[in-house]
Each structure stands twice: as structure tokens, then as C-alpha cells.
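*Asks:* Quick one, what's the 3D model for this:
(one chain, ligands or ions: 1)
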Amino acid sequence: MVPRRTARKRRYLVCPPEYFEVRYAINPWMTAEEPVDSALALRQWEALVSVYRNLGHDVELMTPVAGLPDMVFAANSALVLDGRVFGAHFHAPERRPESGHYRAWFERAGFEVGTPVHICEGEGDFIPVGGVLLAGTGFRTLPQAHQEAREYFGVPTVSLRLVDALFYHLDTALFALDDDNVAYYPGAFSPGSQRVLRTLFPDAVVATEQDAKCFGLNSLSDGHHVVIAQDAVGLIEAVADRGYRPVPVDLSEFRKAGGGVKCCTQEIRRE
Ligand code: ARG
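*Replies:* Below you'll find the predicted structure:
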């Protein structure tokens, strides 16, 4: 029998793609060959925000800053657990100024903000699942930052090694379906980390390379609805078979920068 899934209302922080473009290349998706269609990017982003609002979630807006084209990827700015914020320290010099702007937003909103010493890209590489924090490393966030986050939040933290540059952030290779389970693409992880994932999540939804390359794992679940890249057809079917409700969206313009649904969205967790 397929279990009944329940949604929990979420609070998201997003940043309009006003200055979004591909101006530098810091991951293999970014090339100057295919320029971004800014008008289309804005429409796609607005459609994503409408989906969140229609699902009943709260959406907060960050003010974009000229000259910071990747600021639209709000997920990288922090990890928020229990109403406490652990900020970012970006790998790429081009993105470093983003962290101060996000920090200011969180402080104005009344949050305590911790600052990592080591390279740390927020929810790009940190994914809480139930009471455990999954933490990616290999391309961006350093293992030392996993330890910093563990000490800051006091949650068990499991380090996972990413090995394929196409999946340079943990959130391009894995997402939480709910507090108990995840979907992931094994090929993005080292053999040892694949074994860790199999042990922790024996019942996980295992995605194909094709769906991973469509950014299907850069999805956002509220426990019932899974907002997911529309091209990830196999994964859409797989999550539906498990009782979740897929909500397909098109973020093709953001793929040109190596981003998708989750990259565009920071979750503000109170609990
Ligand atoms: N161009 C950005 C970068 O390479 C994309 C970030 C995508 N964000 C994410 N959470 N995976 O940093």
C-alpha cells in the first residue's frame, strides 16, 4: 500500500533574478555559449514563487544586488535550523560578497547568525533529514565546515563525498522527501558514501543519471508536494509511485548557471 503523505507549511527565502546572468564559470554547467534569456528567467522564477504560494507556503524576498548574478541561488547563503542561521563562506571569490547581504537580511529579520571559518555554501551542501544533517564535500564546502555546523547546531552530521563535477553541490544529487527518506543519484557519490546512504536510507528513491542531469534531484518537498524539474520524467513517476505529489516546473534558464528549484530556495526552519 502506498503511504499517505502529509505536507508541512514552510517558510522560504528567495531572491529575484534581476541581475541573473552567466558571467563567470565556476561549475561545468556555466559556459558563455548559451546566453541567459533574462525575460524568460524572470517568468520561470515567478512561476516557481507562485507554486510555493499556491501550496500555502510563506515566501520572503531578498533584495538582489547588481553585480552578483548568482545571488538568485538563495540556498547557498545559509543553513537555518531551529531559527538559528549558519551563514556562508563561498568558494568562488565572485560569490563572496553575497554572504554579507544575506547575513544582513537574517539579522534584520531577528535571527542569530553564525559565520563559518571554512568554505561553506549553506543548503547547497547541507541537507537536514529528520534529526540528522547530511553534509556534502568534494567541490565546495570543506569537511571542516561540516564540523563547524555540527558544533553550531549540535546535530549529528554525516559527511558525504561528491565525486562528479556536474553534481558539485549535495543538493544537485540528493533531496529530502520528508523527515525519514531521500531521493539521490548514487553516481554522484564516492563508493564509501554510497554505502553510507544505503545504510541510512535503505528505502530511498534512487534516481538515474538522466534525471540527475535534468536537475531532478534539486527538488523541494514539503512532505507531500515535490516541486521538481519537469524534464526529470523518471523521477517524477518514481516519487508519485511512493505517494508524493510531483509539481513539475521549468527552470531551464537557471540550469545554464548550474541551478534549479532548490538552489533558488532557502528554507527558514523554526523547528
Ligand atoms: N552558479 C552557482 C554556483 O556555481 C550555482 C549555485 C547553485 N546552487 C545550489 N544550491 N546548488 O555556485
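
*Asks:* from here on, contacts and neighbour counts on C-alpha atoms
*Replies:* OK.

*Asks:* Okay, strands next: where are they in the stretch 1-150 of the chain?
*Replies:* 11-14, 58-61, 78-81, 84-87, 112-114, 126-129, 132-137 (DSSP state E, counting those that start in this stretch).

*Asks:* Please identify the most buried of those strands.
*Replies:* Burial of these is given as mean neighbour count (mean count of other C-alpha atoms under 10 Å); strand 78-81 ranks first at a mean of 25.

*Asks:* Is the ligand within reach of it?
*Replies:* No. Residues of strand 78-81 are not located near the ligand by C-alpha under 6 Å from any ligand atom, the shortest gap being 10.2 Å.

*Asks:* got the CA coordinates for that strand in CSV?
*Replies:* This file holds the C-alpha atoms of strand 78-81, laid out as CSV (Å, rounded to 0.1, in the frame of the first residue of the first chain):
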residue,chain,number,x,y,z
ALA,A,78,22.9,29.8,4.8
LEU,A,79,21.6,26.8,6.6
VAL,A,80,18.7,27.6,9.0
LEU,A,81,17.7,25.2,11.8
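
*Asks:* near the ligand, which residues of the stretch 151-271 of the chain show up?
*Replies:* Contact residues, the stretch 151-271 of the chain versus the ligand (C-alpha under 6 Å from any ligand atom): 169, 171-172, 257-259, 263.

*Asks:* who wins for neighbours among those residues?
*Replies:* Among these, the one with the most neighbours (other C-alpha atoms under 10 Å) is His169, at 31 neighbours.

*Asks:* quick revisit: as JSON lines, the strands of the stretch 1-150 of the chain with mean pLDDT and distance to Asp70 would be great.
*Replies:* What follows is these, written out as JSON lines (pLDDT from 0 to 100; distance: least, C-alpha to C-alpha, whole Å):
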{"stretch": "strand 11-14", "mean pLDDT": "98", "distance to Asp70": "12"}
{"stretch": "strand 58-61", "mean pLDDT": "98", "distance to Asp70": "15"}
{"stretch": "strand 78-81", "mean pLDDT": "98", "distance to Asp70": "14"}
{"stretch": "strand 84-87", "mean pLDDT": "98", "distance to Asp70": "16"}
{"stretch": "strand 112-114", "mean pLDDT": "97", "distance to Asp70": "21"}
{"stretch": "strand 126-129", "mean pLDDT": "98", "distance to Asp70": "18"}
{"stretch": "strand 132-137", "mean pLDDT": "98", "distance to Asp70": "20"}
